[in-house]
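Q: I need the structure of the sequence given here:
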Amino acid sequence: MFSFKNIGRVVLLLACLFFTVGYYSPLYLKEASSGLEIDSSPVFIELFFHNLKVNLYCVVFSPITLGIYALIYLVLNFFSMGLIVSHLRTEHTWLDALSAFVIHGVFEVPAMLLSAAVGFYIPSKVVLMILKKKVVVEEIKKIVYFVAIIIVLTFIAAIVETFVSPHFIRI
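A: Residues are numbered from 1 along each chain as shown. Here you go, the predicted structure:
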């Protein structure tokens, strides 16, 4: 079947594709730009639980939908990220545009990618377990391990987004 490594590569490729499509999309955020503001004083607990909820929804609902939820998750997050960076880039420098994402994104983006990869991985392993008619404990341990990593990355991202990123945002 599919290894987690190969699923991770496909997820990364899809994320890059959706970001690029969003970046070069003819959609323009002029009307929406009045509502597009970077919160310079985010609240840690709100950020952490919101992002954790979104990531865990991807892990939980993707197997139910056979990975469709993970695909939608990737499209929405990375397309909109590309669209926002493109919009910011038209009014600011690259450095200014990326300052809103890069610092906490070092932790948040891998958590998002890992959530989507787990969302694709679980259905492939469930099918394999059904075909073999046995539960593979190693696979369940691997999934729990990845969920723990998602939680830790999301926690660190929320800390950085709350306490570090506001000092570096230049827009």
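
Q: helices or strands up against the helix or strand of the chain with the lowest mean pLDDT?
A: Here the helix or strand of the chain ranked lowest by mean pLDDT, DSSP states H and E is helix 94-99, holding a mean of 78. Contact here means 3 or more C-beta pairs under 8 Å, 6 or more residues apart in numbering; DSSP states H and E; on that basis helix 94-99 packs against helix 80-91. The way it works is simple: take the backbone N, C-alpha and C, and place the C-beta from them, glycine included.

Q: burial count for F18?
A: If you count neighbours by other C-beta atoms under 10 Å, F18 ends up with 20.

Q: center of this protein - which residue?
A: M112 (2.4 Å; C-alpha atoms, centre = their mean).

Q: surely that one is in contact with M81?
A: No. In this structure, M112 is not within contact of M81 by C-beta atoms under 8 Å, at 9.4 Å.

Q: coming back round to it: buried residues of the next helix or strand after the least confident helix or strand of the chain, list them for me.
A: Using DSSP states H and E, the helix or strand that follows helix 94-99 in sequence is helix 102-132. Neighbour-count burial for helix 102-132 flags 103-105, 107-125 (criterion: 16 or more other C-beta atoms under 10 Å).

Q: what does stretch 80-93 give?
A: For stretch 80-93, a neighbour-count test (16+ other C-beta under 10 Å) marks M81, G82, L83, I84, V85, S86, H87, L88 as buried.

Q: do stretch 2-20 as well
A: Quick answer for stretch 2-20 (16+ other C-beta under 10 Å): F4, I7, G8, V11, L12, L14, A15, F18, F19.

Q: how far away is the last one from I151?
A: Distance of F19 to I151, computed by C-beta to C-beta, to the nearest Å: 24 Å.

Q: please apply the same query to Y24.
A: Distance from Y24 to I151, by C-beta to C-beta: 34 Å.

Q: now swap in Y57 and tell me
A: From Y57 to I151 the distance is 14 Å (C-beta to C-beta).

Q: same check, this time on T65
A: From T65 to I151 the distance is 22 Å (C-beta to C-beta).

Q: try Y145
A: 11 Å.

Q: got phi/psi on the residue of the chain positioned farthest from its centre?
A: The outermost residue of the chain relative to its centre, with distances by C-alpha atoms, centre = their mean, is K133 at 32.8 Å. Phi and psi for K133, reported as degrees, to the nearest 10, are phi 60, psi 40.

Q: F101 now?
A: phi -120, psi -40.
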